[in-house]
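*Asks:* Structure for the following, please:
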Amino acid sequence: MNAEQLAQSRVLIVGDVMLDRYWFGSTDRISPEAPVPVVRVQRDEDRVGGAANVALNAAVLGAQATLLSVVGADEPGRKLVTLLVDTPIRNAMRQDPTLKTTVKLRVVSRQQQLIRLDFEHKPDHEVLAAMMERYEQELAFHDVVLLSDYGKGGLEHLDQMMNLARTQGKTILVDPKGRDYSRYAGATLLTPNRAELAQVVGDWSSEQDLTARAQGLRKKLSLKALLLTRSEEGMSLYTETGELHIPTEAKEVYDVSGAGDTVIATVAVMLGAGLSMEDAVRTANRAAGIVVGKLGTASVTPKELWGTT
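*Replies:* Now for the predicted structure:
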């Protein structure tokens, strides 16, 4: 896969954007107030999170990646806009003064995450209606639509988005959330992890049972494919022609934050560049094996994947 092929991939990423904030410090004593460690914060770092991290993964691979979302006009929102300036992402994100930006704050010490604090606020209907208008404008210029659902309310108009994309013959990838997968019916690919799939189809007792449940869900929702990410067990792709099980390529697992973002972004870019679903998933599995060896939400470069620039 060369740079010219990757640059032909045009991916529109829509969904919940958040700021990933990290506080790093040393821990050498327990608090006298409660049985918790005391962290002396020595540095902090902000990174784009949620759908923005998905877009960053796609853009770093060399695709034409457009990010469509809405954040607040507050300090975290302004920080996100600033961070995006230094990326190859085409930013179609808008700020709204009535909205508070979602922030995930992680406290890290000795290379371990001690706690995560989430600051979440769902956008209202009117804010999202304006985003829908921009979505219709952007759709014509992209081949792949990636819907990144973090359950924060940013995809309230999902049905309309799916219908428009299907009507225009777009490839639709969805990172799903919640128990109701009927809203994703007709997508090209869903990418749940084990816990997310179990919420919908129940616990499985064997590999054969898992296959039956996964294929049953795929057929019920009229999906072209369902990709189950299985952590240390790799990935399983379920299609009309059968199943493809791919073992993990991770040599060292340092942090799984954002690994799902890397998987769906890589599949989207590869499909947009002309690869088959099977080859796109194999590439995504390789990318996931690399990104879990990095701290926090991260991305993978073409050089890391193929050894070339």
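
*Asks:* Next, count neighbours for residue 21.
*Replies:* Residues within reach of residue 21, counting by other CB atoms under 10 Å, total 20. Yep, even glycine has a C-beta here, placed from its N, CA and C like the rest.

*Asks:* Quickly note the distance from it to residue 96.
*Replies:* Counting by CB to CB, to the nearest Å, the gap from residue 21 to residue 96 is 20 Å.

*Asks:* try residue 262
*Replies:* 29 Å.

*Asks:* okay, these two: which has more neighbours?
*Replies:* Shown here are residue 262 and residue 96; by other CB under 10 Å, residue 262 has more neighbours (28 against 19).

*Asks:* Please, where are all the helices along the stretch 151-300 of the chain?
*Replies:* Along the stretch 151-300 of the chain, the stretches classed as helices by DSSP state H, counting those that start in this stretch are 158-167, 194-201, 207-220, 259-272, 277-291.

*Asks:* Which one, of those, ends up nearest to residue 8?
*Replies:* Ranking these by distance to residue 8, with CB to CB as the measure, places helix 259-272 first at 7.1 Å.

*Asks:* between that closest one and helix 277-291, how big is the angle?
*Replies:* 140 degrees (axes from the mean of the first three to the mean of the last three CA atoms, to 10 degrees).

*Asks:* which helices and strands sit right next to helix 259-272?
*Replies:* Contact here means 3 or more CB pairs under 8 Å, 6 or more residues apart in numbering; DSSP states H and E; on that basis helix 259-272 packs against strand 10-15, helix 51-60, strand 144-148, strand 171-175, strand 225-229, helix 277-291.

*Asks:* quick revisit: pipe the helices of the stretch 151-300 of the chain into TSV and attach mean pLDDT per row.
*Replies:* Conversion of the helices of the stretch 151-300 of the chain to TSV gives the following (pLDDT from 0 to 100):
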stretch	mean pLDDT
helix 158-167	93
helix 194-201	94
helix 207-220	96
helix 259-272	93
helix 277-291	92
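
*Asks:* So which of the ones you listed has the densest surroundings on average?
*Replies:* When you average the neighbours per residue for each of the helices of the stretch 151-300 of the chain (mean count of other CB atoms under 10 Å), helix 259-272 leads with a mean of 27.
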